[in-house]
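Asks: Fold the stuff below for me.
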Amino acid sequence: MYHFFVSPSDIIDHDIYVRGDDYNHIKNVLRMKPGEVISVSNGTDDNEYRCHIEEYSEDAVHCRLDFIKAADTELPVKVYLFQSLPKGDKMELVIQKAVELGVTEIIPVASSRCVVKLDAKKVKSKTERWNGIAEAAAKQSRRKIIPPVKEVMDFRQALEYAGECDIKLIPYELAEDFRTTKDMIGSMKRGESVAVFIGPEGGYAEKEIEAAQNAGLKPVTLGHRILRTETAAMVVLSWIVYETEDEGSIDR
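Replies: Reported below is the predicted structural model:
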């Protein structure tokens, strides 16, 4: 079943209107017919609105609501991924998979050892593209929200932005206490916010780790192997999914 996002104002009693790019996609790409069923979310609540296509107008797909399903596709915790800019198109992969795994927000970070350098023009175009990838991934995984991808921050700005998070993790290759990692991820409670910092291909500079610790971040290890930056993000998020969506390991 195809899943789309609409504005809350486009859900009026039993009538639902799908507009914009999704209108064109449903009508001209998918070529869906009246009577076919889709699901939509309004990006503000946890409901999934099941509906069928009634008709096409000039600028909207007019659907009729069949029923509302209380969805449980969002994680019990809010995860903020602070991803240092990787080389090539790896950021697109990280965004896609992070959204599929339930991340709340993605913050690209220009840490000191990042090879990629973006000027203001490139930052704007990249951010637009990255948000498009996040939206597509949210639709595919039937998320109830579209996790935003923020504009690139430097490391200091990222630490300040993460300041209010309840739990702050920074995987670091020189961290050795695997038990700390297990305990911190395993102790997460429903409703808590979690900041996860992932370094670039060259890792973090020592001064960045020191600044992170001073800001309340806890260096943790992901095992005895050195992981690629795009792999590290997936490992942490998968671990959080496993721990928090297991009814026996989180206070519900």
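
Asks: for the chain, what spans make up the strands?
Replies: 3-5, 11-12, 15-18, 37-41, 47-56, 61-70, 78-84, 105-110, 153-154, 167-171, 193-198, 218-220 (DSSP state E).

Asks: mind checking the longest helix of this protein?
Replies: Scanning the chain for the helix with the most residues, using DSSP state H, yields helix 120-140.

Asks: now stretch 139-154, how far from the chain's geometric center?
Replies: The chain centroid and the centroid of stretch 139-154 are separated by 4 Å under CA atoms, centre = their mean, to the nearest Å.

Asks: tilt between the longest helix of the chain and strand 105-110?
Replies: Taking axes from the mean of the first three to the mean of the last three CA atoms, to 10 degrees, helix 120-140 and strand 105-110 form an angle of 150 degrees between their directions.

Asks: For helix 120-140, C-alpha coordinates in CSV please.
Replies: What follows is the C-alpha trace of helix 120-140 in CSV, where atoms were taken according to Å, rounded to 0.1, in the frame of the first residue of the first chain:
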residue,chain,number,x,y,z
ALA,A,120,26.5,28.5,1.4
LYS,A,121,25.0,27.8,-2.1
LYS,A,122,25.9,24.1,-1.9
VAL,A,123,24.5,23.8,1.7
LYS,A,124,21.2,25.1,0.5
SER,A,125,20.9,22.7,-2.5
LYS,A,126,22.2,19.8,-0.5
THR,A,127,19.8,20.4,2.4
GLU,A,128,16.9,20.5,-0.1
ARG,A,129,18.0,17.2,-1.7
TRP,A,130,18.6,15.6,1.7
ASN,A,131,15.1,16.5,2.9
GLY,A,132,13.6,15.0,-0.3
ILE,A,133,15.4,11.8,0.5
ALA,A,134,14.1,11.9,4.1
GLU,A,135,10.5,12.4,2.8
ALA,A,136,10.8,9.5,0.4
ALA,A,137,12.2,7.2,3.1
ALA,A,138,9.4,8.3,5.5
LYS,A,139,6.8,7.3,2.9
GLN,A,140,8.4,4.0,2.1
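
Asks: That one packs against which elements?
Replies: strand 3-5, helix 90-100, strand 105-110 (3 or more CB pairs under 8 Å, 6 or more residues apart in numbering; DSSP states H and E). (Glycine included, C-beta is placed from N, CA and C.)

Asks: I'd like to know which of the ones you listed lies nearest to S57.
Replies: Counting by CB to CB, S57 lies closest to strand 3-5 out of those; the figure is 16.0 Å.

Asks: Describe which strands that closest one pairs with in its sheet and in which direction.
Replies: Strand 3-5 has these partner strands in its sheet, going by DSSP bridges: strand 37-41 (parallel).

Asks: Can you tell me what sits against the partner strand?
Replies: For strand 37-41, the external contacting residues (CB atoms under 8 Å, 6 or more residues apart in numbering) are 1-6, 11, 16, 18, 26, 32, 47-53, 63, 66, 69, 71, 142-145.

Asks: Just the buried ones among those, please.
Replies: Buried members of these, counted by 16 or more other CB atoms under 10 Å: 2-6, 11, 16, 18, 26, 32, 48-51, 53, 63, 71, 143-145.

Asks: Domain map for this structure?
Replies: Each structural domain of the chain that the record assigns through automatic domain parsing is listed here as a residue range: 3-70, 78-244.

Asks: could you dump those domains to TSV with mean pLDDT?
Replies: As requested, these are exported to TSV (pLDDT from 0 to 100):
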stretch	mean pLDDT
domain 3-70	93
domain 78-244	92
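
Asks: Kindly compare burial across the ones you listed and name the winner.
Replies: Per-stretch averages of neighbours, counted by mean count of other CB atoms under 10 Å, single out domain 78-244 among the domains of the chain, with a mean of 18.
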